[in-house]
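K.L.:
Next one to model:
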Amino acid sequence: MAEFAPFHVPTLDWLDVTYSPDDNPAELLMTFLDSQPVVSDDGMPPSHSRYRFVVFDGGLPDVQYGSLDISTKYKAYRVSASGAFLAGLRSRGLFNEYLTILASSPYRVTRLDAALDRQVDASSVLANLDNRYPREVSLSRQRPLRTTMITSRRYDGLRTGTWYAGHRSRARVTARVYDKTAEILDRAGVDIGHKFTRYELTFREGTANLNDAYAPSGIFWAHVGALLDVPADAPAWSVSDVPAWVSERSEVLPYDALLRRVSSSSELDAFLRLADQLGPEGRNTLLHMLAKRFGLDFKGQYFARSAA
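P.N.:
Numbers count the residues shown, from 1 in each chain. From the prediction side, this is the model:
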């Protein structure tokens, strides 16, 4: 598991964007993905694709950094990036370019999660929230939401868990607060060495736009006041009809895109492992197979394929 990096400021941790089936950034998005070290999961239905970053650790490829799901159902084109996939974009300096591609067609942000980590013990935080809001709480100016508390016994014997506002409701803004340290320990068996509490807000249909995805602090602090003290320098926020945040896209030459894909292809690595099992001539055999597959002779010249 990658080292835990706390969100010291409100950070985008999930993003779903939906488009018309006839006006969407599919071509730009595919070109972008083709130029990055991502792999597509097999076994997905024809209307659905999933991509994950490939990370090299000690020379061996490892598929990490969440998933990017692209689906075409319910008469819509939908792009859904998990928090880990967004972290992968940020770590590679690709986040701005990704948002620019999403902003290239009329869109609707159908889910945006913004999260903040505080280095405090979640056990006391959750108990305090449960005491303050045993039945309901209002986030910003929307109607009160039903609160729910799910608890468990932590490794040190204290009670922990997750506190929800609007859990499984249709509300446009919902919240959850949970023990991030215990969650990582339970999920990955890793003790991060510090106690962290995560505050996470989910904004649904019609609440946020891609400006909020680029800079989520404004929308986060505008809705979390019942749960956290809002800093005096928090940016102002209001519902906006601004269609998108846009920056200049960087151009990737076809040769560079092809080189990235070949260099990071886990499928080619699998070919090599299989070829090496054939013995000393295994890789030459693989080259002959690939040449035939691409309609080339062994010197790289195209030949005319015979009719089937």
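K.L.:
Off-centre distance for the host helix or strand of residue 147?
P.N.:
If you go by DSSP states H and E, residue 147 is part of strand 145-153. Its chain's C-alpha centre and that of strand 145-153 lie 26 Å apart, by CA atoms, centre = their mean, to the nearest Å.
K.L.:
Over to stretch 48-57?
P.N.:
From the chain centre to the centre of stretch 48-57 is a distance of 11 Å (CA atoms, centre = their mean).
K.L.:
Buried ones in it, by neighbour count?
P.N.:
49-55 (16 or more other CB atoms under 10 Å). In short, each C-beta sits where N, CA and C put it, glycine included.
K.L.:
What lies in contact with stretch 220-230?
P.N.:
With contacts defined as CB atoms under 8 Å, 6 or more residues apart in numbering, stretch 220-230 is touched by 10, 114, 116, 118, 129, 133, 137-140, 173, 175, 177, 199, 201, 203, 231, 234-235, 237-238.
K.L.:
Show me which residues of that stretch are buried.
P.N.:
220-224, 226-227.
K.L.:
mean confidence score for that stretch?
P.N.:
For stretch 220-230, the mean per-residue pLDDT is 96.
K.L.:
Can you measure across that stretch, start residue to end residue?
P.N.:
10 Å (CA to CA, to the nearest Å).
K.L.:
now swap in stretch 198-212 and tell me
P.N.:
With CA to CA as the measure, stretch 198-212 spans 19 Å from end to end.
K.L.:
ranges for the strands of this protein?
P.N.:
11-19, 38-40, 48-57, 60-73, 76-81, 108-118, 136-137, 145-153, 159-165, 173-179, 197-204 (DSSP state E).
K.L.:
for these, which one sits closest to residue 273?
P.N.:
Nearest to residue 273, of all the strands of the chain, is strand 60-73, at 11.0 Å by CB to CB.
K.L.:
and that closest one, how far from the chain's centre?
P.N.:
Here the centre of strand 60-73 is set off from its chain's centre by 8 Å, with CA atoms, centre = their mean.
K.L.:
quick one: low-confidence ranges for the stretch 101-250 of the chain?
P.N.:
Applying pLDDT under 70 to the stretch 101-250 of the chain flags the ranges 241-250.
K.L.:
Can you name the residues bridging to the closest residue to residue 208 other than its chain neighbours?
P.N.:
Nearest residue to residue 208, sequence neighbours excluded (CB to CB, 6 or more residues apart in numbering): residue 112, at 4.3 Å. Beta bridges link residue 112 to residue 15, residue 203, judged by DSSP bridges.
K.L.:
what comes up buried for the strand holding residue 147?
P.N.:
Buried, per 16+ other CB under 10 Å, within strand 145-153: 145, 147, 149.
K.L.:
Contacts only, for the first one.
P.N.:
Counting by CB under 8 Å, 6+ apart, residue 145 makes contact with 136-139, 165-166, 169, 171, 174-175.
K.L.:
Of all the strands of the chain, which one is nearest residue 216?
P.N.:
From the strands of the chain, taking CB to CB, the stretch that ends up closest is strand 108-118, at 3.9 Å.
K.L.:
ok so, going back, can you add distance to residue 93 and give the strands of the chain back as TSV?
P.N.:
Listed next are the strands of the chain as TSV, based on distance: least, CB to CB, whole Å:
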stretch	distance to residue 93
strand 11-19	15
strand 38-40	15
strand 48-57	13
strand 60-73	14
strand 76-81	16
strand 108-118	21
strand 136-137	38
strand 145-153	37
strand 159-165	33
strand 173-179	30
strand 197-204	25
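K.L.:
picking up where we left off before, closest to residue 17 out of the buried residues of strand 145-153?
P.N.:
residue 145 (24.7 Å).
K.L.:
and the closest one, bridged to which residues?
P.N.:
residue 137.
K.L.:
With residue 220 as the reference, measure out to it.
P.N.:
Plainly put, residue 145 is 17 Å away from residue 220 if you go by CB to CB, to the nearest Å.
K.L.:
and what of residue 121?
P.N.:
Taking CB to CB, one finds residue 121 at 22 Å from residue 220.
K.L.:
May I have the phi/psi pair for the residue nearest the centre of the chain?
P.N.:
Residue closest to the average C-alpha location in the chain (CA atoms, centre = their mean): residue 82, at 2.4 Å. Backbone torsions of residue 82, given as degrees, to the nearest 10, read phi -70, psi 170.
K.L.:
re the thing from before, want to throw the buried residues of strand 145-153 into JSON lines with distance to residue 279?
P.N.:
As requested, these are arranged in JSON lines below (distance: CB to CB, whole Å):
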{"residue": "145", "distance to residue 279": "66"}
{"residue": "147", "distance to residue 279": "66"}
{"residue": "149", "distance to residue 279": "63"}
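K.L.:
of all those, which comes closest to residue 159?
P.N.:
Closest approach to residue 159 among the buried residues of strand 145-153 (CB to CB): residue 149, at 9.7 Å.
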